[in-house]
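[1] Sequence first, then the predicted structure, then my questions.
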Amino acid sequence: MTKFEKIARRIDSFRDEMINLQIKLCSLPAISPASGGEGEVKKAEFLLDFLRQSGLHDIEVIKAPDLDAPAGYRPNILAVLKGDSSARTAWIMTHMDVVPPGDLAQWDGDPFKAWVEGGKVFGRGVEDNQQDLVASLFAVKAFEAEKIRPNFNIGIALVADEETGSRKGIEYVLRNSVAFRRHDLIVVPDAGNKDGTMIEVAEKGILWLRFKTIGRQTHASTPDKGINSFKAASFLITELDNLNRIFKDQDEIFEPPVSTFEPTKKESNVPNINTIPGEDVFYLDCRVLPQFPLEDVEKEIQKIVKRIENKFKVKISVEDQQRAPAAPPTSPQAAVVAALRAAIKDVYNVEAKASGIGGGTVAALFRRAGYEAACWSRVDETAHQPNEYCHIDNMVGDSKVFAHIFLQE
Ligand SMILES: [Zn+2]
């Protein structure tokens, strides 16, 4: 029997313990103060005990000050199991915090008293992010139980504040700890797909813009006496569609492979039909491939805006609501991607591939700090929903994937 087979068998034997840990963690809701909770301290205290009992003694707790939390801080835990060589560490980073349950009437049970049904555990946080938090802990526990020493260090990072921006979480850790090193493998199992074939390595830049067009209000029967802001804004929207042509490059790693520029929200204008609106507000959601600086997009938008202003004699102001340049992508050839692909193939017998997505993940914070992090998980994507669940098979399988990575030569 190979080392991996021994560890995989041991992880299978932990199945019930893993379910029990899920249920226990659910009973310690770690909702951030910004969402009306008290933070992660109780959950972190419990997990610290668990880590020590699992043979992890090299533990650092990084407390991010937070006066809104009853404890006055938000806990971040970094635990390391030493390998034969400490030249590098394979990290699994998950987050302890969960989002509020939302409308309780939409739940079939108490979101903080997890229940098991049809091979799934239900409860708030069981998938996001406890499935892989528990999986990572039992992967380490299997090494201890089998008395197998990994070739390189194993690192378990349990962080706070992922759901409300990570400023008291991994962002704080990256600024206040030297635990992560350039050649470490960093896996963030906080995004994925159903069959586990998506390894997320890149994100598009995000630009959300508010366009306010000012004309002059007047009676609809005499449009010449005013300036129709809604009409000008409508021409503007169709002109903005040219951004798709100007920034037409494709990158097949992304799904969809192009930048997107979509008008979305529209504020209401006049309440009645027979008034020409003097003011119009709409929003544009841009997801931009990393090769285009957001400044270039903004410059093209300004040119279009000028044209519309001149043509319709309106004033248009453009204001960003969110502006997040793309983090440098992790290379599809990075060691962490290769390790994940091999592990996923051995455990789930599927070919995973490096992909880019349009939304932001917490891995971007690692990438901006110069680390090649990859996001991966096998999930049904029930995060933040009522009756959030985790497939027990995914929790056990992901644990084997992590153990496989820890066995890297
Ligand atoms: Zn999450």
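    Nice, I can see it.
[2] May I have the residues that are in contact with Q408?
    In this structure, Q408 makes contact with A90, N151, F152, L185, A339, judged by C-beta atoms under 8 Å, 6 or more residues apart in numbering. Where you see a C-beta, it was placed from the backbone N, CA and C, and this is true even at glycine.
[3] want to throw the residues you listed into a markdown table with neighbour count and secondary structure?
    Rendered in a markdown table, the data for these read as follows (neighbours: other C-beta atoms under 10 Å; DSSP: H, G, I helix; E, B strand; the rest coil):
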| residue | neighbour count | secondary structure |
| --- | --- | --- |
| A90 | 23 | strand |
| N151 | 16 | coil |
| F152 | 22 | strand |
| L185 | 25 | strand |
| A339 | 20 | helix |
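[4] okay, now A71: neighbour count?
    Burial of A71 is recorded as 15 neighbouring residues (other C-beta atoms under 10 Å).
[5] Quick check, it in contact with V41.
    Yes: with contacts counted by C-beta atoms under 8 Å, A71 reaches V41, the gap being 4.4 Å.
[6] Output the below-cut-off pLDDT ranges for the protein.
    Counting by pLDDT under 70, the chain has no low-confidence residues at all.
[7] Could you tell me which helix of it is the longest one?
    In the chain, ranked by residue count with DSSP state H as the criterion, the top helix is helix 294-312.
[8] Using the three-state scheme, assign the spatially most central residue of the chain.
    Residue closest to the average C-alpha location in the chain (C-alpha atoms, centre = their mean): T361, at 2.9 Å. Classification of T361 using DSSP: H, G, I helix; E, B strand; the rest coil returns coil.
[9] that's a helix at R367, yeah?
    Yes: counting by three-state DSSP, R367 is located in a helix.
[10] Okay, it and A374: tell me how far apart.
    According to C-beta to C-beta, to the nearest Å, R367 stands 10 Å off from A374.
[11] any residues in contact with both of these two?
    By the contact definition C-beta under 8 Å, 6+ apart, R367 and A374 are jointly contacted by T330.
[12] buried residues in the following helix or strand past the longest helix of the chain?
    Proceeding N to C from helix 294-312, the next assigned helix or strand is strand 315-324, under DSSP states H and E. Within strand 315-324, the residues that qualify as buried are I316, A324, counting by 16 or more other C-beta atoms under 10 Å.
[13] what helices or strands is the helix or strand harbouring R210 leaning on?
    Taking DSSP H and E as the criterion, the element that holds R210 is strand 205-214. Contact analysis of strand 205-214 by 3 or more C-beta pairs under 8 Å, 6 or more residues apart in numbering; DSSP states H and E lists helix 229-240, strand 279-288, helix 294-312, strand 315-324 as its packing neighbours.
[14] what's the neighbour count on the nearest residue to K265 once chain neighbours are set aside?
    Spatial nearest neighbour of K265, excluding adjacent residues (C-beta to C-beta, 6 or more residues apart in numbering): Y283 at 4.2 Å. Counted by other C-beta under 10 Å, the residues lying close to Y283 total 16.
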